[in-house]
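Trainee: Turn this into a structure:
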Amino acid sequence: METSVTIIGIVIAVIVAIPIYFSARSSAANKTKILNIKKKFNPNNPQEFDLTESQNNKTLTIDQKNRKFILMNFNPNQQESTYVDLRTVSSCKLVLTTEGNSDTIVKIDYDFQDRETSKKITIPFYDFDDDRIKQISAYQDHMFAKKWLKIIQDSI
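Mentor: Predicted structure coming up:
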């Protein structure tokens, strides 16, 4: 009786421990990636990016004091990071692209207006084709993008 209980306990512990281990390992790897990207754009003080938030393979970080912004997209199809010096832009807005006559969002972009040339700098934030969960992620990413739009506008 005691041997079977011990074996069952060990099996349950292994079943619980394996996902926790891989989750922690993945989290550490993501933190390292984010830190390396911050170092790339601010080699002397990567810790100055005072606000960092992640959702659905996207990480946004901002240095409100020095007015720097980085959007990191860790999408499996295309991993990229985009840096914007907020001192060189005059405004930022969110551009939603919908599909035909429906309200289905297929693309979300940040449009930054350059202060000197009035040229638009477009940074892709969400693309329906890269989304695995489809409309659930579109809604979550739209709310996330709106939240960060306000943070960016406050920093400009």
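
Trainee: Figure out how far stretch 85-93 is from the centre of its chain.
Mentor: Distance of stretch 85-93 from the chain centroid (C-alpha atoms, centre = their mean, to the nearest Å) equals 19 Å.

Trainee: Go through that stretch and flag the buried ones.
Mentor: 86, 89, 92 (16 or more other C-beta atoms under 10 Å). (Each C-beta comes from the backbone N, C-alpha and C, glycine too.)

Trainee: Could you list which of the residues you listed belong to helices?
Mentor: Applying DSSP state H to the buried residues of stretch 85-93, no entry is found in helices.

Trainee: residue contacts, the spatially closest residue to Phe128 that is not a sequence neighbour?
Mentor: What sits nearest to Phe128 in space, not counting adjacent residues and going by C-beta to C-beta, 6 or more residues apart in numbering, is Val106, at 4.0 Å. Residues in contact with Val106, defined by C-beta atoms under 8 Å, 6 or more residues apart in numbering, are 97-99, 127-129.

Trainee: can you tell me which of these are in helices?
Mentor: Short answer: the contacts of Val106 have none in helices (DSSP H).
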